[in-house]
Each structure stands twice: as structure tokens, then as C-alpha cells.
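**Q** Predicted coordinates and the sequence they were generated for:
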Amino acid sequence: MSPTSLCLSFDTIGRPEEVLKLTERPLPPLSGHEVRVRMRYAPVNPADLNFIEGTYGRAAHPPAVPGHESCGEVEAVGPLVTSLKKGDVVIPLLGAGCWTQHMTAAEQHFALLPESIDPVQASMLRINPVTAWHLLTQHVDLNEGDWVVQNAANSGVGRALVQIASKQGLRTLNFVRRPELVAEMKALGADAVFLDDEDGLAAARECLKGSAVRLAANAVGGDSAIRLMDLLSPEGMLVTYGAMSRRSLKVPNKFLIFKNLRLHGLWITRWFEKAGADELYKALEPLTRMILDHELHTAVDEVIPLRDFRRALARAAEGGRRGKVILDLA
Ligand SMILES: NC(=O)c1ccc[n+]([C@@H]2O[C@H](COP(=O)([O-])OP(=O)(O)OC[C@H]3O[C@@H](n4cnc5c(N)ncnc54)[C@H](OP(=O)(O)O)[C@@H]3O)[C@@H](O)[C@H]2O)c1
């Protein structure tokens, strides 16, 4: 009998907890440049849930295996493979199909990481930290001491942004929904943390004391995005990369007329498609270094076994988590 492997898959678009099932698949023999990776961990990101329910930017074509990122170890390599060997720690770059115990793909579809990296942290490296890096480095020329403002600051992206900004000598003003997060975010390196409401906005204005704010990162939309626009200086840029409130962006006319704000969007998937390997590694290398040096850490809510995936999905869909829900693919 040929060896088999478990994965999560769905045959129809729908609510993740209803359509996702555990499936057993045979492991195909390896040929040419193919590599087989034994996956260890994979986070459950909002985009994964959106992908299954058909609200993501890229349509799923069921039957499909979801999961946009993960980390694993090379288990076997095809006869022509030169860049990887058994035991190497890798993350897939394919952008889908990660909720599986085994992934087989050509060697160029995996990025090699140092053996000593924490595999749980590595499983969350490719999307959120790279998005935060992109927000801070590819939109506005920032100088040491500059302020960056953001909402959903305790999200995976938000926390990475605080840590990367702090390393770059930038200052962050952060909005969160829960008071208990203020001290936690400050311990992470946030310079200022306020509740995402009108009182928080007043306190943020007071804190900035008229300092220039040229970049705002928006993962929420609705009124929260208006508060970010309020804090931006003339010609400042609001980069929208998420819509956690599921409310549209409303732009008060005065912000366009009197401040000429620039409104941009970021979808890191599009950047992955366009960026060459060199560009991608320009982001991955310093972020990997930061993880190894304990300067970049993504908070984890719970690591949940693959077989208990329904509980993982339910928890990931809840607000008020302590961090990411991680699938243990063992
Ligand atoms: N455009 C891109 O390329 C890109 C890349 C990565 C992520 N994203 C997007 O960025 C956002 C954050 O992703 P993530 O993985 O970092 O998130 P995450 O770690 O799962 O955290 C979710 C965040 O959203 C907040 N939140 C949940 N429901 C909300 C609501 N109804 N209104 C306001 N805030 C709410 C949570 O606050 P509490 O903790 O208080 O519940 C938490 O801060 C998502 O929309 C995701 O799709 C986009």
C-alpha cells in the first residue's frame, strides 16, 4: 500500500466549519526537481477563512486545500534537486494548499530558513511580517523618529509593524479595541497606544502635539479609518490592507480637499506575484534575523491539533484572541 497523508480540504465554497473536512491522500513519488516537505505548523489567518467562504481577492477552485502559509521540514528530494536536502527547514512560497501534512512542489517554491528558527514563528513569517515590512518600507520615505499610525495594532500585522518600526527607529501610535492591550503593546515597543474611539482620537492628537504623520496603516475601515485620516498630515498616505470591521472606507471630503491625503491599497499576494526571488528575500532575510534575535515575535493564542480543526476555525473567527491560532499538522 502506498503511503498516505492527511490534509484539510473543501469541495464547495461556504462556512469554513461546515465545508472543511479531513481528507487522506496518497503521497506521490518524487521526480526531477520535486521536494516533499513534512509540514509542522500553519496559522489560521483571516484570509484563509475568507478564501474558503469565497470573499477573498482570489477565487478558490474546489476541491481545494486551504492555508496560505506554513513551515515544515524537507522529508525527501527528487533526483535533480540541488538547493535543498532532507532535514532542511523551509516555508512554502506557493501561497495556497498549506493545511496539509505533506506538500510536494518544485524546489524553487520553498524558502530555506535557519535550522534553529522556532517553527511556529516561522510558519507565520511569510504573510504578516512581510506585509508590515512592505507597509513601512515601500510607500512613504520615512526618517528616524517619524510617526506611523495604525489600527488593529494587536493583530499579527500590527504587532509586526510595531516591532519592525521600533527596530528602524520609527515611532508608532497604535489603536486597539481592548484596554488590556495597552500595556502589552507598549512592552512590545509601541510608543503610544489608545482605544480606537473618539476619546482615543482626542488623546492621540494630544500625544502627537502637531508632529507630522505621513503614513497610516488601516486594517479596519469604517470610522476607525477616519480616525487615522484625521491624524495624517497634509499629503499623508493611508494604506488600507484589511477590512476587519467589514465596513467601507468613508472619506470625509475635507481630508481630500484640505489635506490632499493619498489613499492606497496593499495586497501582499499581488506583490508576491510581481516581486522576483531577490526582492522577496530582501524582506525575508531581515525578518528571519529578527525572529532569531527575538526582536520579532508573533503572539500565539493556541496551538491546536489538525484533527481538532473545527475548534481551531471557531477560535480563529472570534475577536479578543491572545494571538494567532496555529494548526499543529503532526
Ligand atoms: N492586504 C494584505 O496583503 C494583507 C496581508 C496580511 C493581512 N491582511 C489583513 O489584515 C487584517 C489583520 O490580519 P491579521 O492576520 O494580522 O489579523 P489577526 O492577527 O487575526 O488579528 C485580527 C485583528 O482584527 C481585530 N478585529 C477583529 N474583528 C474586528 C472588528 N469587527 N472591528 C475591528 N477590529 C477587529 C482584532 O482585534 P481584537 O483582538 O480586539 O479582537 C485584531 O486586532 C485582516 O483583515 C487580514 O485579512 C491583509
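**A** Thanks, I have it.
**Q** Find the nearest non-adjacent residue to the residue positioned nearest the centre of the chain, please.
**A** Nearest to the mean C-alpha position of the chain, counting by Cα atoms, centre = their mean, stands Asn128 at 2.2 Å. Nearest non-adjacent residue to Asn128, counting by Cβ to Cβ, 6 or more residues apart in numbering: Gly156, 3.8 Å away. For every residue, glycine as well, the C-beta is placed using N, CA and C.
**Q** for Ala60, same thing?
**A** Phe51 (5.5 Å).
**Q** what does Cys207 give?
**A** Closest to Cys207 by Cβ to Cβ, 6+ apart is Ala192, at 4.9 Å.
**Q** Can you give me every residue that contacts Leu112?
**A** By Cβ atoms under 8 Å, 6 or more residues apart in numbering, the residues touching Leu112 are 83-84, 88-90.
**Q** Do stretch 263-282 and the ligand come into contact?
**A** Yes: legend: contact between stretch 263-282 and the ligand by Cβ under 6 Å from any ligand atom is shown at 266-268.
**Q** Buried among those? Need that as a selection in ChimeraX.
**A** Listed next is the ChimeraX selection for buried residues among the residues of stretch 263-282 next to the ligand, using 16 or more other Cβ atoms under 10 Å:
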select :266,268
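**Q** In helices, which of the residues of stretch 263-282 next to the ligand appear?
**A** Using DSSP state H, the subset of these located in helices is Ile268.
**Q** could you dump the residues of stretch 263-282 next to the ligand to a markdown table with pLDDT?
**A** Listed next are the residues of stretch 263-282 next to the ligand as a markdown table, based on pLDDT from 0 to 100:
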| residue | pLDDT |
| --- | --- |
| Leu266 | 98 |
| Trp267 | 97 |
| Ile268 | 96 |
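**Q** Relative to the whole chain's centre, how far out is stretch 244-253?
**A** With Cα atoms, centre = their mean, to the nearest Å as the basis, stretch 244-253 stands 21 Å off its chain's centre.
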